[in-house]
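Peer 1: sequence unknown, structure follows:
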């Protein structure tokens with residue numbers, strides 16, 4: 001058996017329900033910390049979807065493009081809500097879809113080296 005196959009077998013054993021390394025994404029969502037929100041309510045004509053990591057916002061009449069630009073905006077844990085409010089207002093007014101980390105737990109997980 002090659003190294004790749006051995007590695008895959010170990011991965012498969014470690015990532016199944018019952019393994020001490022397995023994390024059910026539904027439990028992560030159920031225990032999410034305080035969520036960030038760009039506005040109290042989703043604007044009329046917009047859809048909001050949450051995954052384990054991200055909250056996606058997009059105009060309901062939006063057509064997904066096959067190419068284009070993507071802009072990353074960086075914030076600290078202390079100013080993330082304020083930055084999201086400002087950036088989301090611009091995106092919403094310009095009908096630009098965007099996504100953001102859904103809560104403080106996801107921020108800490110993704111930005112460990114920066115804290």
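Peer 2: In hand now; what should we look at? Quick caveat, the model's predicted, so the values are computed rather than measured.
Peer 1: For the helix or strand where residue 58 lies, buried residues please.
Peer 2: Using DSSP states H and E, residue 58 maps to strand 54-59. Along strand 54-59, these residues count as buried under the neighbour rule (16 or more other CB atoms under 10 Å): 55, 57, 58, 59. The way it works is simple: take the backbone N, C-alpha and C, and place the C-beta from them, glycine included.
Peer 1: looking at it, the third one is touching residue 45, isn't it?
Peer 2: No: counting by CB atoms under 8 Å, no contact exists between residue 58 and residue 45, whose distance comes to 10.1 Å.
Peer 1: Give me the neighbour count for residue 92.
Peer 2: Neighbours of residue 92 under the rule other CB atoms under 10 Å: 19.
Peer 1: Kindly state the beta-bridge partners for the residue nearest to residue 110 when sequence neighbours are not counted.
Peer 2: Leaving aside its chain neighbours, residue 110 sits nearest to residue 101 (6.4 Å; criterion: CB to CB, 6 or more residues apart in numbering). Going by DSSP bridges, residue 101 is paired in beta bridges with residue 54.
Peer 1: Which residues are in contact with residue 101?
Peer 2: Residue 101 sits next to 36, 53, 54, 55, 80, 107, 110 when contact means CB atoms under 8 Å, 6 or more residues apart in numbering.
Peer 1: again, 7 Å this time
Peer 2: Residue 101 sits next to 53, 54, 107, 110 when contact means CB atoms under 7 Å, 6 or more residues apart in numbering.
Peer 1: Surely the second one and residue 102 touch.
Peer 2: In this case it means residue 54. Yes: distance between residue 54 and residue 102: 6.0 Å, which falls inside the contact criterion (CB atoms under 7 Å).
Peer 1: From residue 61, how far off is residue 78?
Peer 2: With the distance defined as CB to CB, to the nearest Å, residue 78 ends up 35 Å from residue 61.
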